[in-house]
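Engineer: My questions concern the predicted model and sequence given below.
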Amino acid sequence: MKKPVKSLAFICHPARESIPPLLKSLVEWCEENSIQVRMTSRMAKIIERPELGMATHEMAAHIDMVIVLGGDGSILEATRSFAADGLPIAGINMGHLGFLTLEEPGNAVEFLKKIRDGKFRIENRMMLNATVRRNGKKVFSGIALNDVVIQKEPMLRVININVSISGCVINTYHGDGLIFSTPTGSTAYSLSAGGPIVPPWVSVIILCPLNCHTLSARPVITSDQEVLTARVGCIHSKVDLVLDGQESFRLQDGDEIDISRAQELARIVVFQSRNFFEVLRKKMKWG
């Protein structure tokens, strides 16, 4: 049986001018419907409700669900923050494409009514774990919902990335980098680089090269049970490992990056009528 939602945390895009008035109205509605509300201390001060403020790392013990007012980027950030706690994430679209969001701002109250009445379901989306080893020692680890990207800075020489899948070497890519994507991330950066579109319920890892200097370099799809290892050759270039386009780590020549399915799951709230291919057709303006 679905757990009733009695407490919410609102996580907001920090720079959207339209958010404070919307947030005020949503807080009022929640209080009228006996739903407790939390938010960051910064947003609580902006809407003049400082008593509702709380540090993000303290929220999980006090809430049932996270409501994101923002675009897909805001949802990605919230997902990485709350994935280890298993909290469901729902989004009201204040951005552009909004593949991960549910409703537009004009429907925000109806959105909350559906949440209150339990008229939603939760999709468990796979995430990726990236671990960097330098001289055999782990120097970085992080998770991503969309993608893990190895990319060089512009105007620098191409880099060489040797890739193996579960110990079997498949190729050395000469170019600008590589994208390792989940099915959820297949409609993000990977798509713009020529990668395939994969429904989110298909358990695979997608490898997509960035501007490789050979026509034989093609996207590869493999099982989520595999471990992909990339060894970076970048003597003359600055190279970063980037998680969901938001969190980065500077790589060095010879670093090895292991990419695998993460133990954590992104728990994305969807409504019963939402269909991936309908959303895809609408967002991509097909047909």
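Structural biologist: All right, it came through fine.
Engineer: Tell me if I'm right that residue 27 and residue 48 touch.
Structural biologist: No - checked against CB atoms under 8 Å, the pair residue 27 and residue 48 is beyond contact range at 10.6 Å. Backbone N, C-alpha and C define where each C-beta goes, glycine included.
Engineer: Same drill for the two, tell me which one is more crowded.
Structural biologist: residue 27 (19 against 8; other CB atoms under 10 Å).
Engineer: State the three-state secondary structure for the more buried one.
Structural biologist: Residue 27 falls in the helix class when you classify it by DSSP: H, G, I helix; E, B strand; the rest coil.
Engineer: so the closest residue to it other than its chain neighbours is in which element?
Structural biologist: Distances taken as CB to CB, 6 or more residues apart in numbering put residue 37 closest to residue 27, at 5.3 Å, once the chain neighbours are dropped. Secondary structure from DSSP states H and E places residue 37 in strand 36-39.
Engineer: And that strand, what does it pack against?
Structural biologist: strand 7-12, helix 19-32 (3 or more CB pairs under 8 Å, 6 or more residues apart in numbering; DSSP states H and E).
Engineer: Also compute the angle for the longest one relative to strand 7-12, please.
Structural biologist: Put plainly, it is helix 19-32. Helix 19-32 runs at 180 degrees relative to strand 7-12, counting by axes from the mean of the first three to the mean of the last three CA atoms, to 10 degrees.
Engineer: Now do the buried residues in helix 19-32.
Structural biologist: 19, 22, 23, 26, 27, 29, 30 (16 or more other CB atoms under 10 Å).
Engineer: How about the strand holding residue 37, which residues are buried there?
Structural biologist: 37, 38, 39.
Engineer: give me every residue that touches the second one.
Structural biologist: Each residue near residue 38 by CB atoms under 8 Å, 6 or more residues apart in numbering is listed here: 7, 8, 9, 10, 52, 53, 54, 59, 62, 63.
Engineer: Of those residues, just the buried ones, PyMOL syntax please.
Structural biologist: Filtering the contacts of residue 38 down to the buried ones (16+ other CB under 10 Å) takes a single PyMOL command:
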select buried, resi 8+9+10+52+53+54+59+63
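Engineer: re the thing from before, any idea which of the buried residues of helix 19-32 is closest to residue 163?
Structural biologist: residue 19 (41.4 Å; CB to CB).
Engineer: any chance you could map the helices in the protein?
Structural biologist: 19-32, 41-46, 56-59, 72-82, 108-116, 189-192, 276-284 (DSSP state H).
Engineer: Pipe those helices into JSON lines and attach distance to residue 178 and mean pLDDT per row.
Structural biologist: Below are the helices of the chain laid out as JSON lines (distance: least, CB to CB, whole Å; pLDDT from 0 to 100):
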{"stretch": "helix 19-32", "distance to residue 178": "35", "mean pLDDT": "95"}
{"stretch": "helix 41-46", "distance to residue 178": "36", "mean pLDDT": "94"}
{"stretch": "helix 56-59", "distance to residue 178": "31", "mean pLDDT": "94"}
{"stretch": "helix 72-82", "distance to residue 178": "19", "mean pLDDT": "94"}
{"stretch": "helix 108-116", "distance to residue 178": "37", "mean pLDDT": "93"}
{"stretch": "helix 189-192", "distance to residue 178": "10", "mean pLDDT": "94"}
{"stretch": "helix 276-284", "distance to residue 178": "24", "mean pLDDT": "82"}
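Engineer: Much appreciated, bye for now.
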